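[1] below is the structure, and that's it, no one-letter string:
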């Protein structure tokens, strides 16, 4: 039986010094056949030369490297361009500063094949991952097998590097939003879930290393410099939830969790030393949460006091608030 091809799509912008480690982790994959689609997003450094050298150095059957470019300067546009050229039955999107363990693709394929033997068709597989945080230490990213909508809203469980998706399923969505410079993967993950995918999960250890380590991170480590962009994404996601076919009680819950994420963002502004950004956003989140509770007594005596404490915890840099929020809202 012919082996299933898997496509790996990597957008690259001015990452000539960083992307080689990512590319090496792709070469080291124990699974073949692979198609690797590299999308230069209008780089001004030597990125294109690095990509072309990689293509020359790794010819061969079962490892097909495709290079293209995209001038619209957002990662979403570059990923959509890469997807247009993807030929694999399954697709992995990946960032140019992160690393995959050598058996990542093989682990995905084993889950797919196991499901097929049982007569099941999967659309999406979520994988555990490890974060490299600004102080250089490693910690496991939150990973849950239940309540995936809430976990994604709270923890971005379907961030770019953290899943594989069946190409035909992804093609039936609207793809990446090319107008979002940040949190585009968080927004896309919600839309993928709203499309009602058949989901499985990788077990065992983490097989993805995500770099959140300071200047080398695509994601970045602060929020105030792009104030307004994050709020816009939350607004889009709220509208997507409200316009969906979800049951009313689920819409209400996920809307509340998005209000909580607005509160988290306000707490981040406060922590970064910008109370003038935090205060109006915090007031907006409180007002929206209060309005969602028809029983105002419950809000005043139970939900509101805990919500205030959650804001203070996040602003102080303490962890664990999301677990409380998932139960509270």
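    In hand now; what should we look at? Here the structure is a predicted model, which means the values were calculated and not measured. Residues are numbered from 1 along each chain as shown.
[2] show me the shaky parts of this structure.
    Under the criterion of pLDDT under 70, the regions of the chain flagged as low confidence span 1, 213-221.
[3] quick check: longest helix of the chain.
    Ranked by number of residues, the top helix in the chain under DSSP state H is helix 248-271.
[4] that one packs against which elements?
    Of the remaining helices and strands, those touching helix 248-271 by 3 or more C-beta pairs under 8 Å, 6 or more residues apart in numbering; DSSP states H and E are helix 148-155, helix 229-242, helix 275-292, helix 304-315, helix 321-328. Heads up, the C-betas are built off the backbone N, CA and C, glycines and all.
[5] pick the most buried one from those helices.
    When you average the neighbours per residue for each of the helices and strands packed on helix 248-271 (mean count of other C-beta atoms under 10 Å), helix 148-155 leads with a mean of 21.
[6] check the offset of that one from the chain's centre.
    Offset of helix 148-155 from its chain centre (C-alpha atoms, centre = their mean, to the nearest Å): 11 Å.
[7] now the angle from it to helix 229-242?
    Relative orientation of helix 148-155 and helix 229-242, computed by axes from the mean of the first three to the mean of the last three C-alpha atoms, to 10 degrees: 170 degrees.
[8] show me what helix 148-155 is packed up against.
    Judged by 3+ C-beta pairs under 8 Å, 6+ apart, helix 148-155 is in contact with helix 184-194, helix 248-271, helix 321-328.
[9] what's the first helix or strand after it?
    strand 163-166 (DSSP states H and E).
[10] partner strands of that following strand, parallel or antiparallel?
    Using DSSP bridges, strand 163-166 pairs in its sheet with strand 90-93 (antiparallel), strand 124-126 (antiparallel).
[11] helix or strand right after the first one?
    Next helix or strand after strand 90-93 toward the C-terminus (DSSP H and E): strand 99-100.
[12] tell me the strands beside that next one, with direction?
    On the basis of DSSP bridges, the sheet neighbours of strand 99-100 come out as strand 208-211 (antiparallel).
[13] which other residues reach the strand it pairs with?
    Residues lying outside strand 208-211 but in contact with it, judged by C-beta atoms under 8 Å, 6 or more residues apart in numbering, are 95, 97-101, 104, 127-132, 138, 141, 159, 161-162, 217-219.
[14] off-centre distance for that strand?
    Centroid displacement of strand 208-211 relative to its chain, using C-alpha atoms, centre = their mean, is 12 Å.
[15] about what we covered before: I'd like the strands paired with strand 163-166 as TSV, with mean neighbour count and distance to residue 7 appended.
    What follows is the strands paired with strand 163-166, written out as TSV (neighbours: other C-beta atoms under 10 Å; distance: least, C-beta to C-beta, whole Å):
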stretch	mean neighbour count	distance to residue 7
strand 90-93	26	5
strand 124-126	22	14
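[16] turn the ones you listed into TSV, columns for distance to residue 267.
    Shown next, in TSV, are the strands paired with strand 163-166 (distance: least, C-beta to C-beta, whole Å):
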stretch	distance to residue 267
strand 90-93	29
strand 124-126	27
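[17] what subset of the contacts of strand 208-211 is buried?
    95, 97-101, 104, 127-132, 141, 159, 161-162, 217-219 (16 or more other C-beta atoms under 10 Å).
[18] re earlier: residue 169 is nearest to which of the helices and strands packed on helix 248-271?
    Within the helices and strands packed on helix 248-271, the stretch nearest residue 169 is helix 148-155; the backing value is 15.4 Å (C-beta to C-beta).
[19] am I right that residue 38 is in a strand?
    Yes: when DSSP: H, G, I helix; E, B strand; the rest coil is applied, residue 38 is found to be in a strand.
[20] quick check: it touching residue 70?
    No: in terms of C-beta atoms under 8 Å, residue 38 does not count as a neighbour of residue 70; the distance is 11.0 Å.
[21] which one's more surrounded, the two?
    Looking at residue 38 and residue 70 with other C-beta atoms under 10 Å, you find the greater number of neighbours at residue 38, namely 28 against 22.
[22] so which of the strands paired with strand 163-166 is nearest residue 212?
    Proximity to residue 212, assessed across the strands paired with strand 163-166 by C-beta to C-beta, is greatest for strand 90-93 (17.3 Å).
[23] relative to residue 245, how far out is the residue in the chain sticking out farthest from the centre?
    Most distant residue from the mean C-alpha position of the chain: residue 297, 36.8 Å away (C-alpha atoms, centre = their mean). Spatial separation of residue 297 from residue 245 under the definition C-beta to C-beta, to the nearest Å is 32 Å.
[24] next: residue 258.
    In this structure, residue 258 and residue 245 are separated by 18 Å, where distance is defined by C-beta to C-beta.
[25] residues in contact with stretch 153-162: which ones?
    Counting contacts by C-beta under 8 Å, 6+ apart, the residues touching stretch 153-162 from outside are 92-95, 98, 100, 124, 126-127, 129, 141-144, 148, 151-152, 185-186, 188-190, 192-193, 208, 210, 237, 254, 257-258, 260-261, 322, 325-326.
[26] so how far is residue 206 from the nearest residue to residue 143 once chain neighbours are set aside?
    Beyond its immediate neighbours in the sequence, the residue positioned closest to residue 143 (C-beta to C-beta, 6 or more residues apart in numbering) is residue 128, lying 4.3 Å away. Relative to residue 206, residue 128 is positioned 5 Å away (C-beta to C-beta).
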